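Peer 1: Structural data only, the sequence is not supplied:
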């Protein structure tokens, strides 16, 4: 089986990078293939052009999509699962990942007469400075899930899972206590990606 990983973090010196490494280790040890789009290293263009906007806003399939968008769509349709790994910025994904959705989730691919395949699994591995208690208290966790699972994924995958690695702010003592526990979870998620079908709504 093959996973397509969309990784989005501006720094290689980050806990999020450690999550990616742990997840990939588990995935590889389970005998699965993977392809990784590191959006910052790719310098993926995230702003829609006027041409792209008019194409989608008017529900057209012409003009032909840009080469970088077609490449990402091909990666999706060549995979069995899609995995998003990123940090929480103001209850959202980084702007670069939001822009990836804006351009890659195009008309004729992700909606309209879709050419996007139905994926077996989608997994979100999200790092957060806030604790889970705080994210839940203020409705932030539910907001993140509504956007990612309810809007962006919707009926495009069979099963989805949303995992938050919380309490990782450098100002919190929980960063040290959670560090190894979170990485063990990331590793396990890689190893069991295609053997678990839990759905988080």
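Peer 2: That came in fine, so what should we check first? For clarity, every value in this text was computed on a predicted model and none was experimentally measured.
Peer 1: Please, where are all the helices along this structure?
Peer 2: Here the chain has its helices, by DSSP state H, at 15-29, 39-42, 50-57, 67-77, 95-104, 132-137, 140-145, 174-191.
Peer 1: And the first one, what's buried?
Peer 2: Applying a neighbour-count criterion of 16 or more other Cβ atoms under 10 Å, the buried positions in helix 15-29 are 15-20, 22-24, 26-27. Quick note: C-beta positions are derived from backbone N, CA and C, even for glycine.
Peer 1: What residues does the residue nearest the centre of the chain make contact with?
Peer 2: What sits nearest the mean C-alpha location of the chain, by Cα atoms, centre = their mean, is residue 84, with 1.9 Å. Going by Cβ atoms under 8 Å, 6 or more residues apart in numbering, residue 84 touches 5-6, 8, 93, 97, 122-126, 148.
Peer 1: Now, of these, which are buried?
Peer 2: Buried members of those, scored by 16+ other Cβ under 10 Å, are 5-6, 8, 93, 97, 122-126, 148.
Peer 1: What about those, which are in strands?
Peer 2: Among the buried ones among the contacts of residue 84, the ones falling in strands (DSSP state E) are 5-6, 122-126.
Peer 1: Turn these into a markdown table, including pLDDT and distance to residue 158.
Peer 2: Shown next, in a markdown table, are those (pLDDT from 0 to 100; distance: Cβ to Cβ, whole Å):
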| residue | pLDDT | distance to residue 158 |
| --- | --- | --- |
| 5 | 98 | 18 |
| 6 | 98 | 18 |
| 122 | 97 | 9 |
| 123 | 98 | 12 |
| 124 | 98 | 15 |
| 125 | 98 | 19 |
| 126 | 98 | 21 |
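Peer 1: related to what we said a few turns ago, just the pLDDT at the residue nearest to the centre of the chain, thanks.
Peer 2: You'll see residue 84 listed with a pLDDT of 98.
Peer 1: can you pull the contacts of residue 163?
Peer 2: So residue 163 contacts 123-126, 185, 189 (Cβ under 8 Å, 6+ apart).
Peer 1: roughly how far apart are it and residue 68?
Peer 2: To residue 68, residue 163 is 28 Å away according to Cβ to Cβ, to the nearest Å.
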